[in-house]
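Novice: Below is the structure, and that's it, no one-letter string:
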């Protein structure tokens with residue numbers, strides 16, 4: 001289960017602290033960790049100056065380039081099963097099929113899944129460069145060995161989701 005953090009201020013910095021930006025492009029990658037935040041006060045869409053509390057999540061991916069492993073995190077997504085939600089769309093891209101939110105599905109179970117990620121680079125309004133995930137797709141089976149192994153990646157600030165003993169083994173392409 002994820003480490004949960006409660007925040008009631010839109011000024012709080014949430015997510016993973018990624019220190020080094022890696023190269024941009026297409027890479028075999030792996031979903032390494034998930035961070036959930038509950039009761040976060042965020043601006044309400046379409047209503048200036050109005051805030052609402054939402055439960056949000058971020059995914060942390062790892063990829064190898066130039067002999068090193070780099071980290072890149074997803075944008076903050078509302079925990080929603082709506083087909084229009086960013087979380088639903090990301091999971092759909094990762095799995096190559098719509099996720100089945102049937103009451104038993106937990107997106108945390110996707111940790112360890114290998115994916116093809118496209119990494120881009122931007123500069124924040126404050127002038128800080130950062131990498132972002134431009135797109136995600138299922139990884140071809142023959143490239144799965146090129147994705148980072150879960151056990152080889154250190155998560156900044158520690159894992160939010162503890163690993164089972166089985167999760168430390170090399171990644172495999174599993175049918176959803």
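Specialist: Yes, it's here. Computed from a predicted model, the values in this text were never measured in an experiment.
Novice: What residues of stretch 20-33 count as buried?
Specialist: Residues 21-22, 27-33 are the ones in stretch 20-33 that count as buried (16 or more other C-beta atoms under 10 Å). The way it works is simple: take the backbone N, C-alpha and C, and place the C-beta from them, glycine included.
Novice: Make a markdown table out of those residues and add secondary structure and pLDDT.
Specialist: What follows is those, written out as a markdown table (DSSP: H, G, I helix; E, B strand; the rest coil; pLDDT from 0 to 100):
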| residue | secondary structure | pLDDT |
| --- | --- | --- |
| 21 | coil | 91 |
| 22 | coil | 92 |
| 27 | strand | 96 |
| 28 | strand | 96 |
| 29 | strand | 95 |
| 30 | strand | 95 |
| 31 | strand | 95 |
| 32 | strand | 94 |
| 33 | strand | 91 |
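Novice: what's the closest of the residues you listed to residue 57?
Specialist: residue 33 (10.8 Å; C-beta to C-beta).
Novice: what bridges to the nearest residue to residue 113 once chain neighbours are set aside?
Specialist: Computed as C-beta to C-beta, 6 or more residues apart in numbering, the closest residue to residue 113 that is not its neighbour in sequence is residue 31, at 5.0 Å. Beta-bridge partners for residue 31, by DSSP bridges, are residue 61.
Novice: Before I go, just wanted to say thanks for your time.
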